[in-house]
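Undergrad: sharing a model that was predicted from the sequence below.
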Amino acid sequence: EAQVTQNPRYLITVTGKKLTVTCSQNMNHEYMSWYRQDPGLGLRQIYYSMNVEVTDKGDVPEGYKVSRKEKRNFPLILESPSPNQTSLYFCASSLDRGARVTEAFFGQGTRLTVV
Amino acid sequence: QQPVQSPQAVILREGEDAVINCSSSKALYSVHWYRQKHGEAPVFLMILLKGGEQKGHEKISASFNEKKQQSSLYLTASQLSYSGTYFCGGAGSYQLTFGKGTKLSVIP
């Protein structure tokens, strides 16, 4: 089954404790991205990657890091989480660059709470 | 910059029609539409490409005015299952950027 898998689904952590949210897709997609969703603000893009070792900032990259060492994986790293990073996070992938002509597939989401 | 959606929220009775609008200040390669149920991931509905090609849902239609960079999603004869938050996404050169969403509630 074609899918994007995120882990964990739920996470409660303390301020300053480094964490990683994993994302893996099995569709051989080149393009992957991370979004955060907050009430009233919609989905805002954090980082995106056009291929292995190629990443770039989205609209809200502050406080986040990413890496793309393998085509299928695109982890999101919060090196020193703060309460304002409490949010619902989605990983997405698409076959083409920037999803210009094909749909984006979303993972099931990770609900992060930073206390 | 995020596309701008309107209205922010709408309540319909079963069988009624609705239109959701999406406007972008920058040139787009395509427009996407997704629906999200509470607590779930967004689900793809439709993509509208430059030149008029559409791909997606059979019962929901949409349009894309390339000159104005505006898109509209048409929901006809709404069903209870249409309830959710609808997002438009604008695809540029490298990014897929979403609007803030339109919450649609369909009541019996």
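TA: Thanks, I have the structure now. Residues are numbered from 1 along each chain as shown, chains lettered A, B, ... in the order given.

Undergrad: okay, CA-based contacts and neighbour counts for the rest of this
TA: Fine.

Undergrad: which stretches of chain A aren't confidently modelled?
TA: Applying pLDDT under 70 to chain A flags no residue at all.

Undergrad: identify the residues contacting stretch A:10-23?
TA: Identification of contacts with stretch A:10-23 by Cα atoms under 8 Å, 6 or more residues apart in numbering or on different chains yields A:4-8, A:73-83, A:91, A:107, A:110-115.

Undergrad: would you pull up the residue in chain B closest to chain A?
TA: Of all residues in chain B, B:K100 sits closest to chain A, at 3.8 Å by Cα to the nearest Cα.

Undergrad: and that residue, backbone torsions?
TA: Dihedral pair for B:K100: phi -80, psi -10, per degrees, to the nearest 10.

Undergrad: per-residue pLDDT of it, please?
TA: Here the pLDDT value assigned to B:K100 is 96.

Undergrad: ok, is the top strand by length along chain A in contact with chain B or not?
TA: Ranked by number of residues, the top strand in chain A under DSSP state E is strand A:42-51. Yes. Using Cα under 8 Å from any Cα of the partner chain, we find that strand A:42-51 touches chain B at A:G42, A:L43, A:R44, A:Q45, A:Y48, A:M50.

Undergrad: got the residues of chain A near chain B?
TA: A:40-45, A:48, A:50, A:58-59, A:90, A:97-109.

Undergrad: PyMOL command for the buried members of these?
TA: This is how PyMOL selects the buried members of these, with burial counted by 16 or more other Cα atoms under 10 Å in any protein chain shown:
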select buried, chain A and resi 42+43+44+45+48+50+58+90+97+98+99+100+101+102+103+104+105+106+107+108+109
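
Undergrad: in space, what's closest to B:R13 - neighbours in sequence excluded?
TA: Leaving aside its sequence neighbours, B:R13 sits nearest to B:I107 (Cα to Cα, 6 or more residues apart in numbering or on different chains; 4.9 Å).

Undergrad: pretty sure that neighbour contacts B:I11?
TA: Yes. Counting by Cα atoms under 8 Å, B:I11 is a contact partner of B:I107 at 7.4 Å.

Undergrad: give the next helix or strand downstream of the helix or strand bottoming out on mean pLDDT in chain B.
TA: Lowest mean confidence among the helices and strands of chain B (mean pLDDT, DSSP states H and E): strand B:54-56, at a mean of 67. Helices and strands here follow DSSP states H and E; after strand B:54-56, the next one along the chain is strand B:60-65.

Undergrad: what residues sit buried inside that following strand?
TA: B:S61, B:A62, B:S63, B:F64.

Undergrad: for chain B, what is the nearest residue in chain A?
TA: For chain A, Cα to the nearest Cα, closest residue to chain B: A:G42, 3.8 Å.

Undergrad: tell me which of the contacts of stretch A:10-23 fall in strands.
TA: A:4-7, A:76-78, A:91, A:110-114.

Undergrad: just these now: which is nearest B:I20?
TA: Among these, A:C91 lies closest to B:I20 (Cα to Cα), at 25.3 Å.

Undergrad: count of residues packed around the residue lying closest to the closest one once chain neighbours are set aside?
TA: Nearest non-adjacent residue to A:C91, counting by Cα to Cα, 6+ apart: A:W34, 4.6 Å away. Here the number of neighbours of A:W34 (other Cα atoms under 10 Å in any protein chain shown) works out to 25.

Undergrad: got it, and B:R13?
TA: Per other Cα under 10 Å, the neighbour tally for B:R13 reads 14.

Undergrad: over to B:Q2?
TA: Neighbours of B:Q2 (other Cα under 10 Å): 22.
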